[in-house]
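K.L.:
Quick one, structure for this:
(one chain, ligands or ions: 1)
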Amino acid sequence: MTLPVELLEDLRRRQEDIRAGGGADKLALRREKGLMTARDRLEALFQPDTFQELGAHVRHSGRFFGMETKVLPADGVITGTGYVGGRVVSGFSQDFTVVGGSLGKMHAKKIVTLMQEAAKLGTPVVAFKDSAGARIQEGVDALSGYGDVFYMNVLLSGVVPQVAVVCGPCAGGASYSPALMDFVVMTRKNAYMFITGPEVIKAVTGKSVTLDEVGSADMHASVSGNVHFLAEDDAEAVAIVQKLLSFLPSNNSEDPPHRPTADISLAADDGIYPLIPDDAQMPMDVRGIIDRIVDPGEFLEVHRSFAENLIIGFARIEGMVVGLIANQPAVRAGALDMDAADKGARFIRFCNCFNIPLVTLVDVPGFLPGIEQERGGIIRHGAKLLFAYASCTTPKVTVILRKAYGGSYLAMCSQEMGADFVFAWPTAEIAVMGADGAVRVLYNKEIKAAADPKAKAAELAAAYRAEFASPYMAAGAGYITDVVDPAITRSTIALSLRKALSKREVRPPKKHGNIPL
Ligand code: HXC
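P.N.:
Now for the predicted structure:
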């Protein structure tokens, strides 16, 4: 058959119109501002020539405000699949040049169809959010569209990884879609996210606030905790997504992309010693320890500037993908507070969904004392961490570096919380509470009655330390797998992880647990 030339010309013309989005001038303006277009973002994400668009010809269904005659290319959202790091990924990108990337019923349907396909194919979903929100002209149909997207976000939660890149406006209820996804990357350039913006806040409360105060990427990354990764611009955001996906399985029925080495290096690492302070009371920067444990260049910190007293991130150790959780004694002495507990618990639950083993590095003096913490619900928040660790059935390796006091000893994945291996350095201190606090409870009267109460308290604390400031009491009771030389921490974790990979743990069936929220 000879295909009539007009048919091909017609197809090409339609394709060009769709690719032009809101028009050449609007696309050029974005690029002038240093912003990628919606298509640029997908092109940057996917390997060259692997993107296949779905539903490019879909038309909007608006019937009011003169919409009947309006043509909206791709209905303001480009959806499709491509390859990232050799694996298929589903992606969509809202096009702000087409009626502000606003979401109408068909725009939403395209997103939902993509997500349904992602569930069937078992592919991660990456969403570039650049939208003025519900398309006003479509009224309740637009709201319904949002509902459809939220429902799919929830349906896919725990089935395939979902990553949102907030790279433009994300206002009102629209911000719930990123919040329902697993990870949110946000660009400093051009992006803001809030439920109610400055004008509404002023109208309702009378208080003047700036856009940055309520919705900037920096605020969300460091204060609200809504954002996991901060990017300067679109290009950096894409690079972060690519790196993140390199640690994740495509779906919950796969293992993460481990790259096991042929042999595990068992050489001792003496370089770790200088990082451990001589004085147990001196804070230790756990980042230095993490650097010595993980494979070079294979650590992606999550939530870097939020609740910095707890460090979380994905890493490889001798090629094995792990979710790493570590107290950071250099910040608030590493004490656990509400934000740290929320941060850790959500991360652990993600790792459990996607078969990622956990490595926990413990150096924690306890839960942060204070009226704000108690009134804010530290009990409820701290319980999330316990709940998350105890529910996690992936391999769990814990290393107690120094302090592990009280409830926080349990909350950082002790044997009782289901750790498969618990190693301790000889510097580990495991007790109900620190020496100074303990002697004040145990010997309050004796201290008060002493000629020199301060000296008496110090003497008693020293005796308490001699008894408890070692891991051998816990090891003697069988709570510790082994006490290890810090120099073999990396190889000990690596060997344990390899052995635990075949772990299968069956729990009683239930609809779902009731994690304290
Ligand atoms: C339809 C919209 C739109 C909307 C903007 N546009 N918002 N069209 N529905 N919600 C159109 C504009 O008419 C314009 O069309 C184009 O998009 C670009 O908008 P501008 O205003 O020119 O751009 P800019 O100056 O950059 O301002 C961007 C903006 C502003 C700050 C986002 O447009 C704005 O405030 N829009 C309204 C935002 C909003 O209130 N959304 C509803 C949120 S409530 P032309 O043809 O001129 O290019 C919500 C409910 C969701 O989303 C609930 C879910 C549960």
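K.L.:
how about the residue of the stretch 401-517 of the chain found nearest the ligand, what does it touch?
P.N.:
For the stretch 401-517 of the chain, the residue positioned closest to the ligand under C-beta to the nearest ligand atom is L517, at a distance of 20.1 Å. In short, each C-beta sits where N, CA and C put it, glycine included. Applying C-beta atoms under 8 Å, 6 or more residues apart in numbering to L517 gives the contacts 380, 384.
K.L.:
Please report phi then psi for the residue in the stretch 301-450 of the chain positioned nearest to the ligand.
P.N.:
Of the stretch 301-450 of the chain, the residue with the smallest distance to the ligand, taken as C-beta to the nearest ligand atom, is R346 at 22.1 Å. Here the main-chain torsion angles of R346 (degrees, to the nearest 10) amount to phi -70, psi -40.
K.L.:
give me the number of residues near A411?
P.N.:
By the other C-beta atoms under 10 Å criterion, the neighbourhood of A411 contains 27 residues.
K.L.:
A340 is in contact with that one, correct?
P.N.:
No: counting by C-beta atoms under 8 Å, A411 sits too far from A340 to count as a contact (9.8 Å).
K.L.:
so what pLDDT did S102 get?
P.N.:
Residue-level confidence at S102 comes out at 96, pLDDT.
K.L.:
That one and A174, how far apart?
P.N.:
The spacing between S102 and A174, counted by C-beta to C-beta, to the nearest Å, is 9 Å.
K.L.:
Common neighbours of the two, please.
P.N.:
When C-beta under 8 Å, 6+ apart defines a contact, the residues bordering S102 and A174 alike are 131, 133-134.
K.L.:
residue boundaries of the helices in the stretch 351-500 of the chain?
P.N.:
Under the criterion DSSP state H, counting those that start in this stretch, the stretch 351-500 of the chain carries helices at the ranges 371-376, 378-391, 406-411, 435-442, 444-449, 453-468, 472-476, 489-500.
K.L.:
Please work out the average pLDDT along the second one.
P.N.:
Within the predicted structure, the mean pLDDT of helix 378-391 is 98.
K.L.:
Contact partners for the residue in the stretch 201-350 of the chain that the ligand sits nearest to?
P.N.:
As assessed by C-beta to the nearest ligand atom, the ligand sits closest to L211 within the stretch 201-350 of the chain, at 9.4 Å. The contact partners of L211, by C-beta under 8 Å, 6+ apart, come to 192, 197-198.
K.L.:
And it, its phi and psi?
P.N.:
With angles defined as degrees, to the nearest 10, L211 sits at phi -60, psi -40.
K.L.:
Roughly how far does the residue of the stretch 301-450 of the chain closest to the ligand sit from A280?
P.N.:
In this structure, R346 lies at 31 Å from A280, with C-beta to C-beta as the measure.
K.L.:
Likewise for V125?
P.N.:
On the measure of C-beta to C-beta, V125 and A280 end up 46 Å apart.
K.L.:
Report the next helix or strand after the helix or strand hosting T79 in sequence order.
P.N.:
Secondary structure assignment for T79, by DSSP states H and E: strand 77-84. Toward the C-terminal end, the helix or strand that comes next after strand 77-84 (DSSP H and E) is strand 87-94.
K.L.:
Can you report how many residues neighbour the residue of the stretch 301-450 of the chain closest to the ligand?
P.N.:
Summarising burial for R346: neighbours were counted as other C-beta under 10 Å, giving 18.
K.L.:
and if you look at the one 5 residues further on?
P.N.:
Burial of C351, expressed as a neighbour count using other C-beta under 10 Å, amounts to 25.
K.L.:
which residues touch the closest residue to it other than its chain neighbours?
P.N.:
Computed as C-beta to C-beta, 6 or more residues apart in numbering, the closest residue to C351 that is not its neighbour in sequence is G323, at 3.7 Å. For G323, the set of contacting residues under the criterion of C-beta under 8 Å, 6+ apart consists of 312-314, 347-348, 350-351, 356-359.
K.L.:
So for the closest residue to V439 other than its chain neighbours, what's the pLDDT?
P.N.:
Nearest non-adjacent residue to V439, counting by C-beta to C-beta, 6+ apart: L460, 4.1 Å away. L460 is assigned 93 on the pLDDT scale.
K.L.:
and the gap between L460 and P453?
P.N.:
L460 is 10 Å from P453, where distance means C-beta to C-beta.
K.L.:
Among these two, which residue is more densely surrounded?
P.N.:
L460 (20 against 12).
K.L.:
and the angle for the host helix or strand of A237 with strand 77-84?
P.N.:
Applying DSSP H and E as the criterion places A237 in helix 234-245. On the basis of axes from the mean of the first three to the mean of the last three C-alpha atoms, to 10 degrees, helix 234-245 is oriented at 50 degrees to strand 77-84.
K.L.:
what does helix 234-245 contact?
P.N.:
In this structure, residues lying in contact with helix 234-245 by C-beta under 8 Å, 6+ apart are 35-36, 40-41, 44-45, 84-85, 87, 89, 124, 126, 161, 163, 165, 167, 183, 185-187, 189, 229, 231, 300, 314.
K.L.:
again, 6 Å this time
P.N.:
36, 41, 44-45, 84, 126, 163, 165, 167, 185, 187, 229, 231, 300 (C-beta atoms under 6 Å, 6 or more residues apart in numbering).
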